[in-house]
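Asker: pasting the sequence and the predicted model now:
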Amino acid sequence: MRRLLLVLSALMLAPSAEAKTLYYGSRVGMEVTIVKTSGIGSSHARIVAKHTRQNAITFCRDYVGKATEECIAKELQTALHLEITANCKTGKFTTFYGANMLFQGRNPEPGAATDYLISDTDDDVVLDGSGASGYDCTLEQFKALCPNRVR
């Protein structure tokens, strides 16, 4: 069962069959290419990614509307931490923006805007589910690291 969950979560990471990608931001095309994973679902989960020229082209084409050399170069300069990690037991994890987060499980509040509680421990704030909070891509990064914690 655990192996099936890992395979399914890996398939959900990428919209293309060519390379596995994972979103780092909420806009269309804000993605990086996964180059290595280890310890997925454990207390030492790790994903290493690369921000490729193809990732930048996708962002420029699909979000900006034109894949110019200027747009591609600017996108490739986005400051990212290309390694994310998690302790799936405690729920502590990092994002591609370098934020320290805490996955706290299901949101107990009926009718809440989010299914899960995720806190940014650097800013001591709970993500509210809005696009501005980065909730969706942050949850996807945690899911990729700890697929057994999110159903």
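Answerer: Sure, I can see it. Numbers count the residues shown, from 1 in each chain.

Asker: next SSE downstream of the helix-or-strand element of the chain with minimal mean pLDDT?
Answerer: Ranking every helix and strand in the chain by mean pLDDT, DSSP states H and E puts helix 2-13 at the bottom, with a mean of 40. Scanning forward in sequence from helix 2-13 by DSSP states H and E, the next helix or strand is strand 21-23.

Asker: name the residues of that following strand that are buried.
Answerer: 21-23 (16 or more other Cβ atoms under 10 Å). Yep, even glycine has a C-beta here, placed from its N, CA and C like the rest.

Asker: so which of the residues you listed is the closest to E83?
Answerer: Ranked by distance to E83 (Cβ to Cβ), the buried residues of strand 21-23 are led by L22 at 12.0 Å.

Asker: what pairs with that closest one across the strands?
Answerer: Bridge pairing for L22 (DSSP bridges) gives the partners V32.

Asker: ranges for the helices of this structure?
Answerer: Taking DSSP state H as the criterion, the chain carries its helices at 2-13, 53-59, 69-76, 135-145.
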